[in-house]
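**Q** coords please:
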Amino acid sequence: MLFEGKQNTMIQNVLTTYPPRWINFALGVLFTMAIAATGTGLAVLPGVNRIGAMLSAILIAVIYRNVLSYPESLREGIQFSARYLLRFAIILYGFKLNIDVVVHKGGMLLVHDAITIVVAIATTMLLAKLLKADMNLSLLLGIGTGVCGAAAIAAVSPILKADDEDTAIGAGIIALIGTVFALAYTFLRPYLPISSIAYAIWGGVSLHEIAHVAAAAAPAGPDALTMGLLAKLGRVFLLIPLSFILSLWMNRKGEGEKSKSAPFPWFLVGFIITSLIGTYLPIPKFVLNDISTTSSFLLAAAMVGLGLNVHLSSLRTRALRPLLAMIVASIVVSSVSYVTLLWF
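**A** So this is what the prediction gives:
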């Protein structure tokens, strides 16, 4: 009885001392996952399936933030999702990249992919400068346009020290505009004087997300879809050297401005490791599919955490000009990639 009394007293002390922080932390993480699950559920509905689970989740988070305000008691858990679930999702994202296929079968596609990245970033930043747009948000959009959409933005935002609001706005814009372009490609396909394979490769080297490439290339047939995804995976592969280049650039910039240098992007090492594991170890396809689903869900949960920092007023004041620059850059990327595919 004495032992039980002491045990009960200890439990009561623990519950009265620690629960506000740790319970609220757990609730914050669960809160982001609940919204991500809601967005994922909505994404299967007709019409909503065009914008996808991630954009649905971000929109719910933004509406919640601007209608009901930020849930301050859950802040620690929400910030954990926005920062650490984000990095873990990017590490899992590496399983989608088959390095052997890209290197040995990609061939000339990697050249087209590199051209896309250079054109996308350069055009976006040039237009952003001419339009006097927010340069940080524009850079995120340029990288997302050139590489692999929201995943690229999520990967480089810690390196570029982008704030949560810019990251969420950038991811939302990429998902939305990428969906519009995927629909436009699907509409244009019957009228283009190119083969189904060439059309799919064009989508792979120019569309924003893997999901957008799959949606646009699937109507052209399974062989075309395979080539389109191969072209897209080349751009995902190039995210690795681009990220390290950005890290070096930020460190030099930090030294020049006598400010803190950018931290080494260790999570990208994890991305490389998971890519190698997925490429060279005999992992069953259904396991890779489950990992891919988990990665997408965690990325959506992380974007919810970021989306809760978005003020609608900032969309009007800060996002319109970068959005315009990104749309024009996307058109330029589509045009340049189409012409280079015809030439080469």
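
**Q** Give me the mean pLDDT for the host helix or strand of S335.
**A** Here S335 sits within helix 320-343, counting by DSSP states H and E. Helix 320-343 carries an average pLDDT of 93.

**Q** Same question for it: list its buried residues.
**A** By neighbour count on 16 or more other CB atoms under 10 Å, the buried set for helix 320-343 is 321-323, 325-327, 329-330, 332-334, 336-338, 340-341. For the C-beta atoms, the positions are set from N, CA and C on the backbone; glycine is no exception.

**Q** what's the most distant pair in these?
**A** The largest separation in the buried residues of helix 320-343, counting by CB to CB, is between R321 and L341 at 30.5 Å.

**Q** now the strands: where do they sit in the stretch 151-300 of the chain?
**A** For the stretch 151-300 of the chain, strands defined by DSSP state E, counting those that start in this stretch do not occur.

**Q** mind showing which ranges of it have poor pLDDT?
**A** Low-confidence segments of the stretch 151-300 of the chain, defined by pLDDT under 70, span residues 254-264.

**Q** In it, what residue spans correspond to helices?
**A** 164-188, 196-206, 210-217, 222-256, 266-280, 285-307 (DSSP state H, counting those that start in this stretch).

**Q** count of residues packed around I91?
**A** 20 (other CB atoms under 10 Å).

**Q** And for the one 5 residues further on?
**A** The local packing count at K96 equals 21, with neighbours defined by other CB under 10 Å.

**Q** which residues touch it?
**A** 210, 233, 236, 278, 292, 295 (CB atoms under 8 Å, 6 or more residues apart in numbering).

**Q** ok, it to A214 distance?
**A** Distance, K96 to A214, by CB to CB, to the nearest Å: 11 Å.

**Q** backbone phi and psi for N98, please?
**A** phi -90, psi 100 (degrees, to the nearest 10).

**Q** excluding its backbone neighbours, what's nearest it?
**A** T279 (5.1 Å; CB to CB, 6 or more residues apart in numbering).

**Q** The one you found reaches L97, doesn't it?
**A** Yes. Counting by CB atoms under 8 Å, T279 touches L97, with 7.5 Å between them.

**Q** Please say which of these two ends up with more neighbours.
**A** Neighbours were counted for T279 and for L97 using other CB under 10 Å; L97 has more, 22 against 17.

**Q** what about the nearest residue in space to that one that is not next to it in sequence, how many residues close to it?
**A** Computed as CB to CB, 6+ apart, the closest residue to L97 that is not its neighbour in sequence is S275, at 4.4 Å. Residues within reach of S275, counting by other CB under 10 Å, total 24.

**Q** Pull the contacting residues for S275.
**A** S275 sits next to 94-95, 97-99 when contact means CB under 8 Å, 6+ apart.

**Q** and the two most separated of those residues?
**A** Greatest spacing in these, by CB to CB: F95 and I99 (11.2 Å).

**Q** And those two? Which one has more around it.
**A** Between F95 and I99, F95 has the larger neighbour count (other CB under 10 Å), namely 22 against 19.

**Q** That one and N289 touch, don't they?
**A** No. Look at F95 against N289 with CB under 8 Å: they stay out of range, at 9.7 Å.

**Q** Of the contacts of S275, just say which sits nearest to K129.
**A** Distance to K129 across the contacts of S275 (CB to CB) is lowest for L97, with 32.6 Å.

**Q** Please report how far that closest one lies from A300.
**A** Going from L97 to A300 by CB to CB gives 19 Å.

**Q** now swap in A154 and tell me
**A** Taking CB to CB, one finds A154 at 11 Å from A300.

**Q** More neighbours: which of those two?
**A** The neighbour comparison of A154 against A300 (other CB under 10 Å) goes to A300, with 31 against 28.

**Q** gap between the more buried one and W22?
**A** A300 sits 24 Å away from W22, taking CB to CB as the criterion.

**Q** How about S157?
**A** S157 sits at a distance of 27 Å from W22 (criterion: CB to CB).

**Q** go on, S330?
**A** Remark: distance between S330 and W22 (CB to CB) = 44 Å.

**Q** For N136, which residues are in contact?
**A** Taking CB under 8 Å, 6+ apart as the test, what N136 contacts is 160, 162, 166.

**Q** hmm, 6 Å instead?
**A** Contact partners of N136, counting by CB atoms under 6 Å, 6 or more residues apart in numbering, are D166.

**Q** Secondary structure class of it, three-state.
**A** For N136, the secondary structure call by DSSP: H, G, I helix; E, B strand; the rest coil comes out as helix.
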